[in-house]
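Peer 1: Let's see this in three dimensions:
(chains A and B)
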Amino acid sequence: LAKTTQPISMDSYEGQEVNITCSHNNIATNDYITWYQQFPSQGPRFIIQGYKTKVTNEVASLFIPADRKSSTLSLPRVSLSDTAVYYCLVGQTNQGGKLIFGQGTELSVKP
Amino acid sequence: GAGVSQSPRYKVAKRGQDVALRCDPISGHVSLFWYQQALGQGPEFLTYFQNEAQLDKSGLPSDRFFAERPEGSVSTLKIQRTQQEDSAVYLCASRPGGGVVDNSPLHFGNGTRLTVT
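Peer 2: As a prediction, this is how the structure comes out:
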């Protein structure tokens, strides 16, 4: 199972763009990259998923280079409510559903 | 419909007591997962069900932990003879599919916070 490495914490200010990079050097051919967001006292919530190149939805963008050994979650114009822990996961469910969470990145957005 | 529902929201148990944690997945979801999350850590996989079949229980930390999903919907995680190290948030997640390859995202409940005193 691919292991991911993310920064433990990041600080930002309201209105800025935040980029969180995740390293996954051992990603397998069939692995997808998925990001979750978790607020205190809540379960993780799906943000975005991709396989290669760029994916964008109403919340975020996900950039994946050609070698797929890393990925970057981009949050445009963050607000205070984006303060949360962000997890990067790689994997596929034919591994028995065992999706592995790392320690995540704690993002703090300040006014 | 409603999301994944877990109960109780909080549970305090004295060391040595047995506890049962309930998960109501989203209706019709085939796959169900249990995770354990210690304070300040990411969720750690415990076990996985596809309908009523428990396909992976490799993450259960000891034989004191037992999970079931007898009718392929509601699931119960039981911990016998609780210990202080069992204190954590227990998260349940479900997903619509259950095929060999399914990358659809997990839908998590808000967890049960277990405190063992």
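Peer 1: Smallest distance to chain A belongs to which residue of chain B?
Peer 2: B:Phe108 (3.0 Å; C-beta to the nearest C-beta). Yep, even glycine has a C-beta here, placed from its N, CA and C like the rest.
Peer 1: Tell me what B:Ser75 is bridged to.
Peer 2: B:Ser75 has these beta-bridge partners by DSSP bridges: B:Cys23.
Peer 1: okay but it is in contact with B:Thr47, surely?
Peer 2: No. Applying C-beta atoms under 8 Å as the test, B:Ser75 and B:Thr47 come out as separate, 9.0 Å apart.
Peer 1: what's the closest non-adjacent residue to B:Gly28?
Peer 2: Excluding its sequence neighbours, the residue lying closest to B:Gly28 (C-beta to C-beta, 6 or more residues apart in numbering or on different chains) is B:Pro96, at 6.9 Å.
Peer 1: Give me the pLDDT for that neighbour.
Peer 2: Listed pLDDT for B:Pro96 reads 88.
Peer 1: next one: the one 3 residues further on
Peer 2: According to the predicted model, the pLDDT of B:Gly99 comes to 58.
Peer 1: Also A:Ser61?
Peer 2: For A:Ser61, pLDDT reads 98.
Peer 1: Would you mind measuring from it to A:Val55?
Peer 2: Distance of A:Ser61 to A:Val55, computed by C-beta to C-beta, to the nearest Å: 7 Å.
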